[in-house]
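J.: got a sequence here, can you model it:
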Amino acid sequence: MNLLIIEDDPMQLELLMRLLEKEGFSVTGLADGADGLYALRQGAFDLAIVDRMLPEIDGVTLLKAYRKDGGKVPILLLTALGAVQDRVVGLDAGADDYLTKPYAPQELLARVRALLRRPATLQEVSVHFSDLRFDSASGTLHGPNGDCELSKREAAMLTCFLNNPNQVLSRSQLLAGAWGGEADVEERNIDNFVFLVRRRLQNVGSQTAIVTVRGFGYRLEDAKTC
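T.: Here you go, the predicted model:
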């Protein structure tokens, strides 16, 4: 399973990543709230651990923005603020659980396992843009000329574009969204998957197009409005 940790203390981030990787999780670590919110919105994670005090966007603000967008990923909020009112604020903002620092590693692992055992919340599994509809549950892309099934990686990349239509996405943003920030993924792999997703759009007869923005990245556009 893919976990996201948003923690600005380098030592704490490294310790958390090692602890969770030792338990067999695939872990991505980010150090500020703005990058964390973007990564969460891409839908590539099964659970997130978020520090309350973060640069750019604090943990509570991040939670509110993510839940307002309809985000469903379970979130464990970490904080040194342990008063009842502090916990209430965090839970009301959208946290699924709340753990105060310092904490025992075994308790954190137990809370992570408990959150991952919870049944998924019923949610909209279809994403629409222009003449496209993508069903994330089945991995099926629907277009004017038919349907096709996408691989897990193709689906993750297409979801990045569908969640950010008409916006330029850099390769690093696509990496975070489709691969969870894995450092060993080469840029040409990203370009290869963009090529594959373009073919999928053609296969279903879509009028949309993934346009290369030289020096910046890629953008999903409705060709009818270009």
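
J.: drop to CA atoms for contacts and neighbour counts, all remaining ones
T.: Fine.

J.: got a list of contacts for stretch 132-147?
T.: When contacts are taken as C-alpha atoms under 8 Å, 6 or more residues apart in numbering, the neighbours of stretch 132-147 outside the stretch itself are 125-128, 131, 148-152, 155, 201, 203-206.

J.: which residue ranges make up the domains of this protein?
T.: Following automatic domain parsing, the chain resolves into domains at 2-117, 126-225.

J.: for the ones you listed, give me TSV that also has mean pLDDT.
T.: As requested, those are exported to TSV (pLDDT from 0 to 100):
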stretch	mean pLDDT
domain 2-117	89
domain 126-225	86
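
J.: now tabulate those domains in CSV and tack on mean neighbour count.
T.: Shown next, in CSV, are those (neighbours: other C-alpha atoms under 10 Å):
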stretch, mean neighbour count
domain 2-117, 18
domain 126-225, 17
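
J.: check which helices and strands the longest helix seen in the chain is in contact with.
T.: Of all the elements of type helix in the chain, the one with the most residues (DSSP state H) is helix 187-203. When contacts are defined as 3 or more C-alpha pairs under 8 Å, 6 or more residues apart in numbering; DSSP states H and E, helix 187-203 packs onto strand 146-149, helix 152-163, helix 171-179, strand 208-213.

J.: same thing but 7 Å
T.: Secondary-structure packing of helix 187-203 (3 or more C-alpha pairs under 7 Å, 6 or more residues apart in numbering; DSSP states H and E): helix 152-163.

J.: parallel or antiparallel, list what pairs with whatever helix or strand comes next after the helix it packs on.
T.: For helix 152-163, the following helix or strand on the C-terminal side (DSSP states H and E) is strand 168-169. Strand 168-169 has its sheet partners listed here by DSSP bridges as strand 217-222 (antiparallel).

J.: between helix 152-163 and the strand it pairs with, find me the angle.
T.: Comparing the axes of strand 217-222 and helix 152-163 via axes from the mean of the first three to the mean of the last three C-alpha atoms, to 10 degrees yields an angle of 70 degrees.

J.: outside of strand 217-222, which residues touch it?
T.: Strand 217-222 is contacted by residues 130, 161, 165-171, 207-212 when judged by C-alpha atoms under 7 Å, 6 or more residues apart in numbering.

J.: which of those sits closest to Trp179?
T.: In terms of C-alpha to C-alpha, no member of the contacts of strand 217-222 lies closer to Trp179 than Arg171, at 11.0 Å.

J.: how about the closest one, what does it touch?
T.: Residues counted as contacts of Arg171 (C-alpha under 7 Å, 6+ apart) are Ile190, Gly217.

J.: please consider this matter closed, and thank you.
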